[in-house]
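> just to be clear, the model below is a prediction. Sequence and coordinates:
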Amino acid sequence: MGKIIHELKKVSGRLIFPSLISGKTHSGKVLVIKDNSIGDFLLFSGILSFYIRHFGKEQMYCLVSSGVREVAKLYTDNIITLDEKKYFASFKYRYELLSELKSLGFETAINSILNSSESRDILYILKFPLTYLYGGVVMKLRKPGRWKNISNIVPELKMFDDKGSYTSVFAHEKFFMERILNIKVSDDEVKPYIPLNNNVSENIINKFSLQKGSYIVFTFGSRSAKRDYPSDKFVEVMKYLHRRLGMKTVLIGVDQYSSDALPDFVIDLRRKTSLIEVFGIIRHARIFVGNETGVTHASWIMGVPTVMIYGGGQFGGFLPLFDNGCIVYKQMDCYCCNWGCKYSDIPVRCIGEIGVDDILKTVDNVIKGS
């Protein structure tokens, strides 16, 4: 019943709102939509900054999910927040957001390559003069005709490379931008970065009584339990690093692992920091170890020696771009399943069967190379 009501609200809104919403004439402003997770946003950060330089910081706005707003504010003040939980559930919220977007008078809208039903609904209702969609998403919906005359559909890159791995999401984002702007750019011009001021990051570590380069950072969680490396095995890695480097460990994140089971050299900051504080703590760490998740991507982007536990569900799609990011993975013949794992194991086998020794070997290599 809940799903039926959800669909009724979605469809009825598309019939009602266009006649209710009025706004300014088009002002030449540009709306870039990136309503994804923190990791997806960070991989996109260099491309977002290129858009800002190209269109001008006063003209360009970015629509992000509510959980990303704090991070997005590092790049631009022109942030509009989308609350995905409210968008289809509340007619009032949906109307207010659509009215706000309409009143700004956007001439151009660029949707994310990994876009949501909420963002597609926004663009379908508001029908900005230039609406760019990434072809792969539209075609998979089997409804390309819906966008006729109100959009420019940019053909997608091949989903898989010659080795059978996913094409990197960064490559897709760059290709999409190049086709929209009709230019070619190097990877360096649009590489991810986090513009965290030195004074800000130093104040953050001072707040938590930490010293530059004298601690290790771990995170146990990710977006899904099936992609979480077992926490007790992470603790074994913690103990090894403590013996080798003689440093305390800072634990960040929101996982449920019992604090009573943590060694006494661990500083447990889970649920005690903002995202910006987490970035500041990571920035000055000696080494970072974690699952493939947003804060782990933040680590290699900031140049911190990073060890990432990497599963096979979307292998190749979200690999670190810089040499400081070293991945640990277990090759299996069922890689690239898009996390539709054929096994019932939690975590999935390609993560759960990674040995502690495999992680320690990578940790040693990262330490030697840093």
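Cool, got the structure.
> for this protein, which segments count as helices?
For the chain, the helices defined by DSSP state H cover 2-20, 38-55, 69-72, 84-87, 91-104, 117-126, 135-140, 169-181, 198-207, 231-245, 275-283, 294-301, 349-352, 356-369.
> return the most buried member of the ones you listed.
helix 294-301 (a mean of 26; mean count of other C-beta atoms under 10 Å). Quick note: C-beta positions are derived from backbone N, CA and C, even for glycine.
> and the helices of the chain, which one averages the lowest pLDDT?
With a mean of 60, helix 135-140 has the lowest mean pLDDT of those.
> coming back round to it: any chance of the helices of the chain in JSON lines, with distance to residue 308 too?
Rendered in JSON lines, the data for the helices of the chain read as follows (distance: least, C-beta to C-beta, whole Å):
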{"stretch": "helix 2-20", "distance to residue 308": "36"}
{"stretch": "helix 38-55", "distance to residue 308": "11"}
{"stretch": "helix 69-72", "distance to residue 308": "19"}
{"stretch": "helix 84-87", "distance to residue 308": "26"}
{"stretch": "helix 91-104", "distance to residue 308": "35"}
{"stretch": "helix 117-126", "distance to residue 308": "28"}
{"stretch": "helix 135-140", "distance to residue 308": "26"}
{"stretch": "helix 169-181", "distance to residue 308": "15"}
{"stretch": "helix 198-207", "distance to residue 308": "21"}
{"stretch": "helix 231-245", "distance to residue 308": "13"}
{"stretch": "helix 275-283", "distance to residue 308": "13"}
{"stretch": "helix 294-301", "distance to residue 308": "5"}
{"stretch": "helix 349-352", "distance to residue 308": "11"}
{"stretch": "helix 356-369", "distance to residue 308": "9"}
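> looking at those helices, spot the one closest to residue 188.
Nearest to residue 188 among the helices of the chain is helix 38-55; the distance by C-beta to C-beta comes to 8.9 Å.
> domain parsing of the chain, as residue ranges.
The record, using automatic domain parsing to delimit domains, assigns the chain the ranges 2-190, 207-369.
> could you export stretch 302-316 as CSV, CA atoms only?
Extracted as CSV, the C-alpha positions of stretch 302-316 are listed here (Å, rounded to 0.1, in the frame of the first residue of the first chain):
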residue,chain,number,x,y,z
MET,A,302,43.8,14.9,0.5
GLY,A,303,47.0,13.0,-0.1
VAL,A,304,47.0,10.9,3.0
PRO,A,305,48.6,7.4,2.8
THR,A,306,45.4,5.3,2.5
VAL,A,307,44.5,1.6,2.6
MET,A,308,41.0,0.9,1.2
ILE,A,309,39.2,-2.4,1.5
TYR,A,310,37.6,-2.7,-1.9
GLY,A,311,34.8,-5.1,-2.9
GLY,A,312,34.0,-6.4,-6.4
GLY,A,313,30.4,-5.2,-6.8
GLN,A,314,31.4,-2.2,-9.0
PHE,A,315,35.1,-3.0,-9.4
GLY,A,316,36.9,-0.3,-11.3
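> that older thread, of all the domains of the chain, which lies closest to residue 198?
Evaluated over the domains of the chain, closeness to residue 198 peaks at domain 207-369, with 9.0 Å, by C-beta to C-beta.
> redo the domains of the chain as CSV? Include distance to residue 197.
CSV is the format used below for the domains of the chain (distance: least, C-beta to C-beta, whole Å):
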stretch, distance to residue 197
domain 2-190, 9
domain 207-369, 9
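> right, and the helices of the chain - which one's nearest residue 341?
helix 349-352 (7.6 Å).
> give me the contacts around the closest one.
226-230, 291, 309, 311-313, 329-332, 334-335, 341, 343, 345-346 (C-beta atoms under 8 Å, 6 or more residues apart in numbering).
> enumerate every residue touching residue 163.
For residue 163, the set of contacting residues under the criterion of C-beta under 8 Å, 6+ apart consists of residue 316.
> give me the neighbour count for residue 339.
Neighbour count for residue 339, taken as other C-beta atoms under 10 Å: 13.
> can you give me the pLDDT of it?
Model confidence at residue 339, expressed as pLDDT, equals 91.
> list the contacts of it.
Applying C-beta under 8 Å, 6+ apart, we find residue 339 in contact with 224, 226, 227, 311, 313, 314, 348.
> switch to 7 Å and redo it
Residues touching residue 339, when contacts are defined by C-beta atoms under 7 Å, 6 or more residues apart in numbering, comprise 313, 314.
> also residue 295?
Residues counted as contacts of residue 295 (C-beta under 7 Å, 6+ apart) are 219, 252, 278, 282.
> what about the first one, neighbour count?
Residue 219: 25 surrounding residues under other C-beta under 10 Å.
> what's across from it in the sheet?
For residue 219, the residues forming beta bridges with it (DSSP bridges) are residue 252, residue 290.
> that one contacts residue 257, doesn't it?
No. Residue 219 is not in contact with residue 257 according to C-beta atoms under 7 Å; the separation is 10.7 Å.
> coming back round to it: and residue 323, which of the helices of the chain is closest to it?
Nearest of these to residue 323, taken as C-beta to C-beta: helix 356-369 at 7.8 Å.
> now the closest one and helix 231-245, what's the angle there?
Taking axes from the mean of the first three to the mean of the last three C-alpha atoms, to 10 degrees, helix 356-369 and helix 231-245 form an angle of 40 degrees between their directions.
> let's see which of the contacts of helix 349-352 end up in strands.
Secondary-structure check on the contacts of helix 349-352 using DSSP state E: residues within strands are 291, 309.
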